[in-house]
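[1] this one's structure only:
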């Protein structure tokens, strides 16, 4: 079993490459739910849906989220009725959120809903929410604490970031299957997602970080930062707020004590020695996932990096 810690777009694209290399049924993705929010009375799970839509082959590739060729008639009517519509939800997308909310209200857990949906959409990998308990990522700004979606989507990440918190994280429990997957994994991969508010949220769930450190499986992370800038999303201000350098070196510092190896882009080869000196092995390759070929090659390089970790003493990473 290969276990992948996953955020949104970057993780989904990495998983597109991974399923070209190994059978999908041998992969389990532990997906961030700290970005989840209620819109129009419906439970929306952005990262789960991005991964699911991408692997189902229905994602809007021009955006990396949403469903291709979707319409927005419902959103237009909501706007006409005075509702806030800054979070764009297509009609087919809304069907997912309506059904998810209906099942959650009927007593299903988020894990059960997610598994049912991925099966319905013929997604072969296992998808595990990080927790079935509610966790909300919030960003401290000069105007106060904002839910991550308000900060990123509604306000377009224009506010200065002063801090990050995960509301409800202390009470959250790993979803069923999460700790078991980590303890039995042959390889653990941290996908190229935001290290602070995607992967950082997963690692903050009580028991998850400890399970990764205790696992005998090699742990390999792929840097989402290339040449000092994120490929996508607001990682830069969030990393700076966390006291991290916006670089592959900063990613290594964020994951120190958890990972064995960091996969970095060729543009960052000059940072390799510094990262190794800090106790993290480095693999240098092309990490920009332009298309299917590059996605596959990155997945192959990541698994090859794991194979080169010949022995890992649990708890010593």
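    Great, that's in hand. These figures come from a predicted structure and were not determined experimentally.
[2] low-scoring stretches of the chain, by residue?
    310-317 (pLDDT under 70).
[3] how about the helices in it?
    All helices of the chain, identified by DSSP state H, fall at 9-21, 46-56, 73-80, 91-105, 110-120, 148-149, 178-184, 199-204, 208-214, 235-241, 248-255, 272-277, 292-307.
[4] want to throw those helices into a markdown table with distance to residue 170 and mean neighbour count?
    All C-beta atoms are positioned from the backbone trio N, CA, C, and that covers glycine. Listed next are the helices of the chain as a markdown table, based on distance: least, Cβ to Cβ, whole Å; neighbours: other Cβ atoms under 10 Å:
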| stretch | distance to residue 170 | mean neighbour count |
| --- | --- | --- |
| helix 9-21 | 25 | 23 |
| helix 46-56 | 21 | 24 |
| helix 73-80 | 35 | 14 |
| helix 91-105 | 22 | 17 |
| helix 110-120 | 19 | 18 |
| helix 148-149 | 18 | 22 |
| helix 178-184 | 17 | 19 |
| helix 199-204 | 9 | 24 |
| helix 208-214 | 13 | 17 |
| helix 235-241 | 21 | 21 |
| helix 248-255 | 21 | 24 |
| helix 272-277 | 32 | 14 |
| helix 292-307 | 32 | 18 |
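[5] can I get these in TSV with distance to residue 27?
    Output for these, formatted as TSV (distance: least, Cβ to Cβ, whole Å):
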stretch	distance to residue 27
helix 9-21	6
helix 46-56	10
helix 73-80	33
helix 91-105	22
helix 110-120	12
helix 148-149	26
helix 178-184	10
helix 199-204	16
helix 208-214	17
helix 235-241	24
helix 248-255	20
helix 272-277	27
helix 292-307	10
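[6] of those, which approaches residue 40 most closely?
    helix 73-80 (6.5 Å; Cβ to Cβ).
[7] Helix 91-105 and the closest one, what's the angle between them?
    80 degrees (axes from the mean of the first three to the mean of the last three Cα atoms, to 10 degrees).
[8] Residue 212: what's it in contact with?
    Taking Cβ atoms under 8 Å, 6 or more residues apart in numbering, we find residue 212 in contact with 182, 188, 203, 219, 258.
[9] One more pass at 7 Å, please.
    By Cβ atoms under 7 Å, 6 or more residues apart in numbering, the contact list for residue 212 reads 182, 188, 219, 258.
[10] That one and residue 219: what is the separation?
    Counting by Cβ to Cβ, to the nearest Å, the gap from residue 212 to residue 219 is 6 Å.
[11] Likewise for residue 255?
    8 Å.
[12] Likewise for residue 104?
    On the measure of Cβ to Cβ, residue 104 and residue 219 end up 32 Å apart.
[13] same question, residue 164
    23 Å.
[14] who has more neighbours, those two?
    residue 219 (24 against 21; other Cβ atoms under 10 Å).
[15] residues in contact with that one?
    188, 212, 258-260, 317.
[16] now do residue 231
    10, 224, 288.
[17] could you redo the last one with a cut-off of 10 Å?
    9-10, 13, 192, 223-225, 265, 287-289 (Cβ atoms under 10 Å, 6 or more residues apart in numbering).
[18] Touching, residue 237 and residue 229? I think so.
    No - counting by Cβ atoms under 10 Å, residue 229 is not a contact partner of residue 237; they are 11.7 Å apart.
[19] hang on, the earlier thing: quick check: of the contacts of residue 219, which lies closest to residue 280?
    residue 259 (6.2 Å).
[20] Filter the contacts of residue 231 down to just the buried residues.
    9-10, 13, 192, 223-225, 265, 287, 289 (16 or more other Cβ atoms under 10 Å).
[21] Out of those residues, which comes closest to residue 126?
    Closest to residue 126 out of those is residue 13 (18.5 Å), distances taken as Cβ to Cβ.
[22] Apart from its neighbours in sequence, what residue is nearest the closest one?
    Closest residue to residue 13 apart from its sequence neighbours, by Cβ to Cβ, 6 or more residues apart in numbering: residue 289 at 4.6 Å.
[23] Quick check, the one you found in contact with residue 18.
    No - Residue 289 lies out of contact with residue 18 (Cβ under 10 Å); the separation is 11.2 Å.
[24] overlap in contacts of the two?
    Listed as contacting both residue 289 and residue 18 by Cβ under 10 Å, 6+ apart are 295-296, 298-299.
[25] Between the two ends of stretch 61-78, what distance do you get?
    Length of stretch 61-78, first residue to last, Cα to Cα, to the nearest Å: 26 Å.
[26] Contacts made by it with the rest, please.
    Counting by Cβ under 10 Å, 6+ apart, 8-10, 12-13, 39-40, 46-47, 49-50, 53-54, 56-60, 79, 83-85, 87-96, 98, 232-233 sit against stretch 61-78.
[27] circling back: to residue 135, which of the helices of the chain lies closest?
    helix 199-204 (6.7 Å).
[28] which other helices and strands contact the closest one?
    If you count contacts as 3 or more Cβ pairs under 10 Å, 6 or more residues apart in numbering; DSSP states H and E, helix 199-204 packs onto strand 2-6, strand 27-31, strand 136-141, strand 163-167, strand 187-190, helix 208-214, helix 248-255.
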